[in-house]
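**Student:** make a model of this:
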Amino acid sequence: MSETIKYKATGRRKEAAARVRMAPGEGKIAVNKRPYEEYFSRETDRIIINQPFVATNTVNKYDVFALVDGGGLTGQAGALRHGISRALSVIDDEFKRILRKGGFLTRDPRTKERKKYGQKGARKRFQWTKR
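**Tutor:** From the prediction side, this is the model:
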């Protein structure tokens, strides 16, 4: 893999964050210094990661080097997709238009709701007894 980094971006989803570095290449994706097929075992996560490349018709044109941390694997895949989309949007204004239309540049704001006092969780209450 070539280490001539041209584009950098950060992607986030839930508690996960992905620092993405991209360079022109043959389409290799390395996550935490491992091939992404090895890091993400679920096929759905791999599909999520490739969505920006499919949308912009740039499959196998860029090498991706990513460092992800926090959250679970699906959140990390979403963060990586967000980071790749941001990096691609820097390359070309046409890519930015396509990615914006596909919703890849919007950071998903859904996070875990905090637990409230006097309750068992965020929404669930303690059981009420009449007597």
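**Student:** strands of this protein, start to end?
**Tutor:** Under the criterion DSSP state E, strands of the chain are mapped to 7-13, 16-24, 29-31, 34-35, 62-69.
**Student:** can you list those in CSV and add mean neighbour count?
**Tutor:** All C-beta spots, glycine's among them, are computed from the backbone N, C-alpha and C. What follows is those, written out as CSV (neighbours: other CB atoms under 10 Å):
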stretch, mean neighbour count
strand 7-13, 19
strand 16-24, 20
strand 29-31, 21
strand 34-35, 11
strand 62-69, 21
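**Student:** so which of those strands is nearest Thr44?
**Tutor:** Between Thr44 and those, the shortest separation by CB to CB is 14.1 Å, and it involves strand 7-13.
**Student:** now the strands of the chain in TSV, with mean pLDDT and distance to Lys101?
**Tutor:** As requested, these are arranged in TSV below (pLDDT from 0 to 100; distance: least, CB to CB, whole Å):
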stretch	mean pLDDT	distance to Lys101
strand 7-13	95	18
strand 16-24	95	21
strand 29-31	96	23
strand 34-35	95	30
strand 62-69	96	20
